[in-house]
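Q: The following comprises the amino acid sequence and a computationally predicted model.
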Amino acid sequence: DGVTDDTAAIQAALDAANTAGGGTVFFPEATYVCTDLETYGGVALVGQGFAGTELKDTTGLTYLLSVNKGTGGTSDPSDNATGIEIFGIHFSGPVVALGFSQHRHLLNLHAVSDVHIHHCKISGFRGDGIYLGSSNSAATERHNERVQITDNVIDGLNNDNRNGISVIDCTDLVISRNQFVNCTRANMPGNIDVEPNPGDAFTRLRNLRITGNTFNNHGGGSCVSVAINEWDGLTVSPQGFDISRNFFESAHSLPVASCVTDSTTTVTMPATTGILAGMLVSGAGISAGTTVAAVVDATSITLSGAAVASATVTLTFEASASVAKAVFFKLHNSSAPRVLTDADPEAHLRIEGNLSLYRGGFVLEGVNGFVVSGNTHRDTVTPGHPWVIGSESIAAAPLERNARNGVISDNFLAGVGNSEGQLIFG
């Protein structure tokens, strides 16, 4: 009924299916209040469509649905929870009411194989919508294999989340035909973040296909972020990345807000969340084009050096992710210089056929073996930010990094760019 806590009843059904050796737990059209559920290999969770079947977490204190949470599972993929389907269900979290919490995910999966999550809606997550991890405990080896996440709507609701999907470890992953909207605060990686835990040399990331997805009102650093700490330090070299035929539509913009102040330089503003970056301030007594530095979770802002003579000023918020990148791909994510040679394994990265209307383009750093072909990137905000091949840090203190053995062909780049141009070889 959307009020009664159904956790115990749902868990009993999942346990019964597991005891029977597998089966389907069917959710008729309704809203089920629940939290901290755990499901198993061989069990399917099936609803009547995400418009009618909702599993609603109102506490936000843990995970909504897990497989092998904590340190469950083993380091041997042959022991994985295998054969899990999740279909036609809306999983909803309380981010609007409770706000950001980085490690409070809705779907929390570890040591799983042959999983298909499809035709679901995942919304209101405080951390990640889907966390495909290597346990919830540091330095614990777990591996995921053959996972498909297709045809879902992943809606952060208010851009106050971590990532839509986090991938810590997976071999043979398909993320396809999903709609990502309103996801990710500005200081978090992105809608899809592929990023091993630091120091986990056992991580396996191979054959990842991110294709045919749409990204709208994105607020993080990148729509698709692949950031791997010292690629050559992993026992199994990451390889086989296909980022193709995605539509990167728009970055997150915060609305104009009218804020009442006195003649001091502090402006009291409506409560808000997330990082407000590059705010442009206008109003009587304020110099044109005054910009406020990034502020986190602010209810007041100091206008440094700006005289505020009017009782009311207007703050115009620029898109918080206006410099967000469509794709960020870095295989040596450390602060040390790193020069690739032909002895380094090839990534077999393909970025093909994508359409981006983002201000930020594609950044490839520390990559050996790539094809960037048939993409269209059209800046819609002035000034645009370019594609960078090589080192992203091209400003005051560039790091010595490079890219090798790449093909860049048949792409269309349009827009004003910035003072450095549209395509930069760092």
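A: Sure, I can see it.

Q: So the residue lying closest to P94 once chain neighbours are set aside, which state does it fall into?
A: Take P94 and drop its neighbours on the chain: the residue closest to it by CB to CB, 6 or more residues apart in numbering is G60, 4.4 Å away. Glycine gets a C-beta too; all of them are placed from N, C-alpha and C. Judged by DSSP: H, G, I helix; E, B strand; the rest coil, the three-state class of G60 is coil.

Q: How about the contacts made by G60?
A: G93, P94, V95, A97, L98, S101, R104, R126 (CB atoms under 8 Å, 6 or more residues apart in numbering).

Q: gap between the first one and G219?
A: Read that as G93. Look at G93 and G219: by CB to CB, to the nearest Å, they are 17 Å apart.

Q: Just give me how far the host helix or strand of E85 sits from the chain centre.
A: E85 belongs to strand 81-87 when assigned by DSSP states H and E. How far strand 81-87 lies from its chain's middle: 23 Å, per CA atoms, centre = their mean, to the nearest Å.

Q: and it, what's its mean pLDDT?
A: The average pLDDT within strand 81-87 is 98.

Q: Go through it and flag the buried ones.
A: Going by neighbour count (16 or more other CB atoms under 10 Å), the buried part of strand 81-87 is A81, T82, G83, I84, E85, I86, F87.

Q: Which one of those residues is nearest to A9?
A: When these are compared for distance to A9 (CB to CB), I86 wins out at 18.4 Å.

Q: other SSEs contacting the helix or strand following the strand holding E85?
A: Sequence order places strand 90-92 as the next helix or strand after strand 81-87, per DSSP H and E. Contacts defined by 3 or more CB pairs under 8 Å, 6 or more residues apart in numbering; DSSP states H and E place strand 90-92 against strand 53-56, strand 121-123.

Q: Indicate which one of the ones you listed is closest to A9.
A: strand 53-56 (12.1 Å).

Q: Show me the shaky parts of the stretch 301-426 of the chain.
A: 301-324, 332-338, 358-360, 379-386, 391-401, 415-422, 426 (pLDDT under 70).

Q: Okay, strands next: where are they in it?
A: With strands called from DSSP state E, counting those that start in this stretch, the stretch 301-426 of the chain shows them at 312-316, 325-330, 349-352, 355-356, 362-365, 368-373, 376-378, 387-389, 404-409, 412-414, 423-425.

Q: and the fourth one, which strands flank it?
A: To tie it back to what came earlier, the one meant is strand 355-356. Strand 355-356 has its sheet partners listed here by DSSP bridges as strand 247-248 (parallel), strand 376-378 (parallel).

Q: Mind putting those into a markdown table with distance to G47?
A: Output for these, formatted as a markdown table (distance: least, CB to CB, whole Å):
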| stretch | distance to G47 |
| --- | --- |
| strand 247-248 | 27 |
| strand 376-378 | 37 |
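
Q: Just say helix, strand or coil for D160.
A: Taken by three-state DSSP, the conformation at D160 corresponds to coil.

Q: ok, it touching S101?
A: No: look at D160 against S101 with CB atoms under 8 Å: they stay out of range, at 9.7 Å.

Q: Kindly provide the distance from T74 to T19.
A: From T74 to T19 the distance is 21 Å (CB to CB).

Q: Compare neighbour counts for those two and give me the winner.
A: Counted by other CB atoms under 10 Å, T74 and T19 do not tie: T74 has more neighbours, with 14 against 10.

Q: What's opposite V167 in the beta bridge?
A: L132, V194.

Q: what sits against it?
A: Counting by CB under 8 Å, 6+ apart, V167 has contacts L132, L173, I192, D193, V194, E195, L205, L208.

Q: and of these, the nearest to R378?
A: I192 (21.6 Å).

Q: about what we covered before: pick the most deeply packed of the helices and strands packed on strand 90-92.
A: strand 121-123 (a mean of 25; mean count of other CB atoms under 10 Å).

Q: Tell me which other helices or strands that strand touches.
A: strand 90-92, strand 153-155.

Q: Let me see the mean pLDDT of it.
A: Regarding strand 121-123, the rounded mean pLDDT is 98.

Q: Over to stretch 189-207?
A: 92.

Q: same check, this time on stretch 93-106
A: Mean predicted confidence for stretch 93-106 is 95.

Q: Repeat that for stretch 8-16.
A: 98.

Q: buried sites along that stretch?
A: Neighbour-count burial for stretch 8-16, with 16+ other CB under 10 Å as criterion, is recorded at I10, A13, L14.

Q: can you give me the angle whichever strand or helix holds the first one makes with strand 81-87?
A: When secondary structure is defined using DSSP H and E, the element that contains I10 is helix 7-19. Inter-element angle recorded for helix 7-19 and strand 81-87: 130 degrees (by axes from the mean of the first three to the mean of the last three CA atoms, to 10 degrees).
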